[in-house]
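> Compute the structure for the input listed below.
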Amino acid sequence: MFTRKKIFIVAGITLLSFSAVWRFALVPRWTERIPVNWEWRSDFIGVNAYADPKTGMMPNGDITGTYTHAITITPNSRRFGSLELQDRFRIKDVLTGTTTWEYNVSAQVATRTGAHTRKEYEGDYFLFPRNVEKKTYKLRLSYLKGIPVTFQREEDVKGLATYLFAYRGRGEYTEAYAGTAEYPGTKVQPGQEIKCANDQLVFKVWVEPVTGEMIKIEENCNSNDYIYDIASGKQLAAVDRWAGETAGDDVINRVDTVTKERAKLLRITRDIPVGLLAAGLLCFGLVMLPRRSSKNETA
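Residues are numbered from 1 along each chain as shown. Below you'll find the model as predicted:
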């Protein structure tokens, strides 16, 4: 026969056990950094300037370009805790629609953390992980080659709390100028590289810390990209100048999407397991309460 005490003990053990199973077995599965059907996309306006093909000189003014940066999962690539991501970044002339720059790259990434899995990129992140810390991360995505982005401060973006990370320094991205079917590229000779002049590449990213999702990006090389001789460091030829920043509807849409994802993650990782734990402890607390005596017992 089940007494009141036994019922609370059984209920308490069940709730505490389920809390442990939820926390250590289900949460890791349901909170992967790159879940099924995940994608990231940003469309924004930037400016560009290109060296005159005849004189090699950079113009004083810039032209407006549309920037499209999209990261998607390669179909059927998920294997044993990793998958392949396709990263496509394209700039088009806003007036002519001509592709003025394009770079496509793929990477093998851990689904739990967003980190690269190839040994030569150990310690580099393609995406920020869940529960972002206030520290420096090495970011390797698109044209970026493991740059150290350092936490600067907390900032509010359209009502959403974010962490701002920033980098200013060397930016070498020769491969990003190799060309595609729609973009002829800039050819370099062996022993040459393309990089931002005076090590003035700027990259800033605003990250929602619970999800690890990028909300807003600001990037530029206002000092111009040049072809350099690697051995001597001599500047050989101007290539371009560029600057872009996510703004407007793109940021609003990202904030809306990530706000919902953040609420979902907090329910899964905090609210439900804490509720189960509290309910289990309450059951044991009720068992420990002194039992009231009946009138017959006290007569």
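> Which residue is the nearest non-sequential neighbour of residue 185?
Spatial nearest neighbour of residue 185, excluding adjacent residues (C-beta to C-beta, 6 or more residues apart in numbering): residue 179 at 2.4 Å. Placement of C-beta: from N, CA and C, glycine included.
> contacting residues around that neighbour?
By C-beta atoms under 8 Å, 6 or more residues apart in numbering, residue 179 lies in contact with 102, 185-186.
> Secondary structure element holding it?
Using DSSP states H and E, residue 179 sits in no helix or strand.
> For stretch 65-77, which residues meet the burial criterion?
Neighbour-count burial for stretch 65-77 flags 65-67, 69, 71, 73 (criterion: 16 or more other C-beta atoms under 10 Å).
> For it, which outside residues touch it?
Applying C-beta under 8 Å, 6+ apart, the set of residues contacting stretch 65-77 is 34, 37-48, 83-94, 100, 106, 127, 141-142, 217, 242, 244.
> Next: stretch 135-149.
With C-beta under 8 Å, 6+ apart as the test, stretch 135-149 has contacts from 69, 71, 87, 89, 103, 105, 107, 116, 121, 123-128, 150-151, 165-167, 169, 171-173, 175-176, 201, 203, 205.
> Could you work out the end-to-end span of it for me?
Across stretch 135-149, the terminal residues are separated by 9 Å (C-alpha to C-alpha, to the nearest Å).
> Confidence-wise, which helix or strand of the protein is lowest on average?
Lowest mean confidence among the helices and strands of the chain (mean pLDDT, DSSP states H and E): helix 295-298, at a mean of 49.
> and the gap between residue 74 and residue 162?
In this view, residue 74 and residue 162 are 28 Å apart by C-beta to C-beta, to the nearest Å.
> Please enumerate the helices of the stretch 101-250 of the chain.
Under the criterion DSSP state H, counting those that start in this stretch, the stretch 101-250 of the chain carries helices at the ranges 249-266.
> what's around residue 221, how many residues?
If you count neighbours by other C-beta atoms under 10 Å, residue 221 ends up with 22.
> so what's the closest residue to it other than its chain neighbours up against?
Residue nearest to residue 221 in three dimensions, not counting chain neighbours: residue 196, with 3.9 Å by C-beta to C-beta, 6+ apart. Applying C-beta under 8 Å, 6+ apart, we find residue 196 in contact with 170-172, 221, 223-225.
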